[in-house]
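> A predicted structure for the sequence below; I have some questions about it.
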Amino acid sequence: MVALWTLFKKEVKRFLKVMMQTIVTPFMSSFLYLIVFGVSLGSKMNDVYAVSYLAFLIPGLMMMGLMNNAFQNSSSSIAVMKFSGDLEDIRVTPLSHHHILIAMGLGSVIRGLTVAVVTYLVGVIFYFMQFNSFLGISHPLVLIYFVLVGGFVFGLLGICIGFWAKSIENMAAFTNFILLPLLYLGGVFVSIETLPAWAKTVSSYNPVLYLINGMRYGVLGVSDEFFSMVVKDLKCFKIYLIKF
Amino acid sequence: MSQLALELINLKKSYGTLEAVKGVTLSIKPGEIFGLLGPNGAGKTSIISIITTLEKPTSGQVKIFGYDVEKDPMETKRRIGVVGQEVVNSGYFDVFEILEFMSGYYGILKNKERIDYIMHKLGLYEHRQKKVKQLSGGMKRRLMVAKALVHKPTLLLLDEPTAGVDITLREDLWAYVRELQQEGMSILLTTHYLMEAQELCRQVGIIDRGQLKFVGPTSQIIEQFSAKKIMIKLRKDRESMAHKTFLKKKDGFFEFQIPSQESMGNLFRDLSLTLEDVEDIKTEQGSLEEAFKQIVSK
Ligand SMILES: Nc1ncnc2c1ncn2[C@@H]1O[C@H](COP(=O)(O)OP(=O)(O)OP(=O)(O)O)[C@@H](O)[C@H]1O
Ligand SMILES: [Mg+2]
């Protein structure tokens, strides 16, 4: 237990030491998205299921930032340890593989959560400036569930990719050609209900979609056909767990 | 339970078609310093990697205080401290943090006292707030030794811990190793400094291209595989002294080289010398280095 706790602490301390990259950069990108899409464009967009576009966008960005950062946290941690020889330090100690997965997964959750919270706070400020009212959280438990699931799953995915990558280029390739398309096409910026039928079908195979909608439901209390999807989402999660 | 600190039983390791370790059997008793010596590429690091479970053996067995490294890795890892050959460069943390994390991985939560003690012992205390990349090469080596000791291992594996460390620090480090041994730690070390190995290790194993060529007491290997030199200066100098062990004449001394176990008396008898004839006599004992060269060149 101490070993697991130590590795978890180390993971969290690590991203806090490089805060510029791990928190301030994601904060900047959320900030820019919110300004460009939420505030400027958003005022000209139709409301999505009875909430303003800005409100629609905030949980999407929170979840996107959470997943992306959870992934980056564990993948870069593993890759750096691998290339520097640090990994052997861990491998000669009595830390079991399960401990390593859990500790690094949870470290990723914390990093993701931090980014999600920062995004939420920025969002709330913009929302307040535009509508003069406070954007609360409708279903905190649902939100916590999706933070944990999203952060953990993407943390584990990051571990896999960190181990798989032979170089930093490998990792960048995975991020740019697989991860980011999944995230951007996961219904952060548009509701899939506005998409043409074929795009809807394609999107329904994107696991990120369910996570983003889950978060949206947690914050706003509405989302794309949510309840039928929660079931699918749970299935998705199981598949992930089996995979790892 | 076995009394041995470490036991290798017919250990083999192949990388693809390359047989790096070809059936090595040896054992280390508790509280012993054992030197595993061999030229570059002999298989020393491969053996250490198998002991620490970084590599899987192709066949054979490794036991640590009776526990099998493959069946009970948690038990064996707890007992081992290892200093790897490659210098590790963890970027984000300072010396103290690294040692604290290392303790944590071994399940020790509050270890400041032990960490401070080790840092003092290894001359790292003044550098405890430095990041690894701010340390010099020798300090990095010492940090690696410190990392291996935080959990009070009973078997310490040192893979060339003194590579790149200057002479004084090397002496300090070996003195510390001896101290650890006196506290009861069993130690396996590899080094290319054979003089130092000779002083430190009661037992040595000599390995060459994966094959263990010799294992046993250091004194025995020196006797068996090296020669001692005897230098004699005569009261009444002669032109020459014919003998099959004669080497050369230098500064008035006749130099002979005889096997370490051979007695000087025999040489005197062969040369029909008496003590009266001798002005001065010097001897030079055989060294591990010579024995090593003998064995490895075979
Ligand atoms: N991971 C590996 N893959 C393939 N071959 C390897 C690997 N590790 C070691 N070898 C080979 O195995 C042999 C033994 O290497 P090893 O590192 O054990 O030697 P060593 O005795 O530690 O040498 P040195 O004194 O140079 O450290 C060498 O021929 C080496 O090239
Ligand atoms: Mg080596």
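Great, that's in hand. Ligands and ions are numbered 1, 2, ... in the order given.

> Quick one: residues contacting residue 185.
In the absence of a named chain, this looks at chain A. For residue A:185, the contacting residues are A:203, A:206, A:208, by CB atoms under 8 Å, 6 or more residues apart in numbering or on different chains. For the C-beta atoms, the positions are set from N, CA and C on the backbone; glycine is no exception.

> Can you look at chain B instead?
Listed by CB under 8 Å, 6+ apart, the contact set of residue B:185 reads B:31, B:153-156.

> Where does residue B:254 sit, in terms of helix or strand?
Using DSSP states H and E, residue B:254 falls within strand B:253-259.

> Send me that strand as PDB with only the CA atoms.
Backbone C-alpha positions of strand B:253-259 (Å, rounded to 0.1, in the frame of the first residue of the first chain) are rendered in PDB as follows:
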ATOM      1  CA  PHE B 253      69.200  -7.900  -9.300                       C
ATOM      2  CA  PHE B 254      68.600 -11.200 -10.900                       C
ATOM      3  CA  GLU B 255      64.900 -11.700 -11.400                       C
ATOM      4  CA  PHE B 256      63.200 -15.100 -11.300                       C
ATOM      5  CA  GLN B 257      59.600 -15.900 -11.700                       C
ATOM      6  CA  ILE B 258      58.400 -19.100  -9.900                       C
ATOM      7  CA  PRO B 259      54.800 -20.400  -9.400                       C
END
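
> could you dump the contacts of residue A:185 to TSV with pLDDT, distance to residue A:128 and neighbour count?
Formatted as TSV, the contacts of residue A:185 follow (pLDDT from 0 to 100; distance: CB to CB, whole Å; neighbours: other CB atoms under 10 Å in any protein chain shown):
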residue	pLDDT	distance to residue A:128	neighbour count
A:203	82	32	17
A:206	85	32	18
A:208	88	28	24
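
> Sort out for me which of those are in helices.
A:203, A:208 (DSSP state H).

> Nearest to ligand 1 among the contacts of residue A:185?
Ranking the contacts of residue A:185 by separation from ligand 1, with CB to the nearest ligand atom as the measure, puts residue A:208 on top at 37.9 Å.

> SS state for the closest residue to that closest one other than its chain neighbours?
Nearest-residue entry for residue A:208: residue A:186, 3.3 Å, with adjacent residues in sequence omitted and distances by CB to CB, 6 or more residues apart in numbering or on different chains. Reduced to three states with DSSP: H, G, I helix; E, B strand; the rest coil, the structure at residue A:186 is coil.

> ok so, going back, out of the contacts of residue B:185, which is most surrounded?
With neighbours taken as other CB atoms under 10 Å in any protein chain shown, the top of those is residue B:156, carrying 24 neighbours.

> Backbone dihedrals for the residue nearest to residue B:250 when sequence neighbours are not counted, both of them.
The spatial neighbour of residue B:250 that comes closest, neighbours along the chain excluded (CB to CB, 6+ apart), is residue B:231 at 7.9 Å. Taking degrees, to the nearest 10, you get phi -120, psi 120 for the backbone angles of residue B:231.

> pLDDT score for residue B:231?
Here the pLDDT value assigned to residue B:231 is 90.

> what's the answer for residue B:296, then?
The model's pLDDT for residue B:296 equals 84.

> What is the neighbour count of it?
17.

> Where does it sit, in terms of helix or strand?
In this assignment (DSSP H and E), residue B:296 forms part of helix B:288-297.

> quick check, that helix touching ligand 1?
No. Applying CB under 6 Å from any ligand atom, one finds helix B:288-297 separated from ligand 1 by no less than 11.8 Å.

> does the closest residue to chain A within the stretch 151-298 of chain B sit in a helix, a strand or a coil?
Checking the stretch 151-298 of chain B residue by residue against chain A with CB to the nearest CB singles out residue B:151 as nearest, at 8.4 Å. Taking three-state DSSP as the rule, one finds residue B:151 in the coil state.

> Just give the closest residue to it, not the sequence neighbours.
What sits nearest to residue B:151 in space, not counting adjacent residues and going by CB to CB, 6+ apart, is residue B:106, at 3.8 Å.

> For stretch B:223-242, buried residues please.
Buried residues in stretch B:223-242, defined by neighbour count with 16 or more other CB atoms under 10 Å in any protein chain shown: B:223-232.

> Reformat the residues you listed into a markdown table and put distance to residue B:120 and secondary structure next to each item.
Output for the buried residues of stretch B:223-242, formatted as a markdown table (distance: CB to CB, whole Å; DSSP: H, G, I helix; E, B strand; the rest coil):
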| residue | distance to residue B:120 | secondary structure |
| --- | --- | --- |
| B:223 | 40 | helix |
| B:224 | 42 | helix |
| B:225 | 41 | helix |
| B:226 | 39 | coil |
| B:227 | 44 | strand |
| B:228 | 42 | strand |
| B:229 | 43 | strand |
| B:230 | 47 | strand |
| B:231 | 46 | strand |
| B:232 | 51 | strand |
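
> Tell me the spacing between residue B:131 and residue A:104.
Distance of residue B:131 to residue A:104, given as CB to CB, to the nearest Å: 22 Å.

> Quick check on those two: which one has the bigger neighbour count.
residue A:104 (25 against 17).

> who's in contact with that one?
Contacts for residue A:104 were tallied using CB under 8 Å, 6+ apart; they are A:7-8, A:11, A:74, A:77-78, A:155, A:158-159.

> Return the member of those nearest to residue B:243.
Of all the contacts of residue A:104, residue B:243 sits closest to residue A:78, with 67.7 Å by CB to CB.

> Helix or strand: which one has the closest one?
helix A:53-84.

> tell me which residues of that helix are tucked away?
Within helix A:53-84, the residues scored as buried using 16+ other CB under 10 Å are A:53-81, A:84.

> What residues does the stretch 51-200 of chain B have near ligand 1?
Contact residues (CB under 6 Å from any ligand atom) of the stretch 51-200 of chain B with ligand 1: residue B:85.

> what about the residue of the stretch 51-200 of chain B found nearest chain A, helix or strand, and which?
Per CB to the nearest CB, the residue of the stretch 51-200 of chain B with the smallest distance to chain A is residue B:104, at 2.6 Å. Counting by DSSP H and E, the element that carries residue B:104 is helix B:95-105.

> State the next helix or strand along the chain beyond that helix.
Secondary structure here is assigned by DSSP H and E; on that basis, the next helix or strand after helix B:95-105 toward the C-terminus is helix B:112-121.

> Show me what the helix holding residue A:78 is packed up against.
For helix A:53-84, the helices and strands in contact under the criterion 3 or more CB pairs under 8 Å, 6 or more residues apart in numbering or on different chains; DSSP states H and E are helix A:2-17, helix A:25-33, helix A:86-91, helix A:97-131, helix A:140-164, helix A:168-174, helix A:180-184, helix A:207-220.

> Please repeat the previous calculation with a cut-off of 7 Å.
Judged by 3 or more CB pairs under 7 Å, 6 or more residues apart in numbering or on different chains; DSSP states H and E, helix A:53-84 is in contact with helix A:2-17, helix A:25-33, helix A:97-131, helix A:140-164, helix A:168-174, helix A:180-184, helix A:207-220.

> Output the contacting helices and strands for the last one.
If I follow you right, that is helix A:207-220. The helices and strands touching helix A:207-220, judged by 3+ CB pairs under 7 Å, 6+ apart, are helix A:53-84, helix A:140-164, helix A:226-243.
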